[in-house]
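**Student:** I would like the atomic coordinates for the input below:
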Amino acid sequence: MNISIPEQLKRWAEARVAEGRYSSTSDYVRDLVRRDQEQAEKLARLQAAIDEGRASGISKRSIEDIIADARKRRAG
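**Tutor:** As a prediction, this is how the structure comes out:
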């Protein structure tokens, strides 16, 4: 895969490599793509949890009951 980027971005990527964290600009770009993929997956899981919560309807429990249950679970 070949990509074209503006000179300013090229210099940025090369500077990141020069810092020693990446072995090449390709390594840097791969890391960026991996991080983007991980972020998209986290966002998808969060959205699924939100959708599940919204679909479950309105709880008849009070906020105090919910907090008390959460504290019990955390305590252990």
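
**Student:** residue ranges for the helices of the protein, please.
**Tutor:** With helices called from DSSP state H, the chain shows them at 7-18, 25-55, 63-75.

**Student:** and Ser26, how many neighbours?
**Tutor:** For Ser26, the tally of surrounding residues (other Cβ atoms under 10 Å) stands at 13. (Each C-beta comes from the backbone N, C-alpha and C, glycine too.)

**Student:** list the contacts for it?
**Tutor:** Ser26 makes no contacts at all, as judged by Cβ atoms under 8 Å, 6 or more residues apart in numbering.

**Student:** so how far is Asn2 from it?
**Tutor:** For Ser26, the distance to Asn2 equals 11 Å [Cβ to Cβ, to the nearest Å].

**Student:** let me have the helices of the chain in JSON lines, extended by mean pLDDT.
**Tutor:** Compiled in JSON lines, those are given as follows (pLDDT from 0 to 100):
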{"stretch": "helix 7-18", "mean pLDDT": "97"}
{"stretch": "helix 25-55", "mean pLDDT": "97"}
{"stretch": "helix 63-75", "mean pLDDT": "94"}
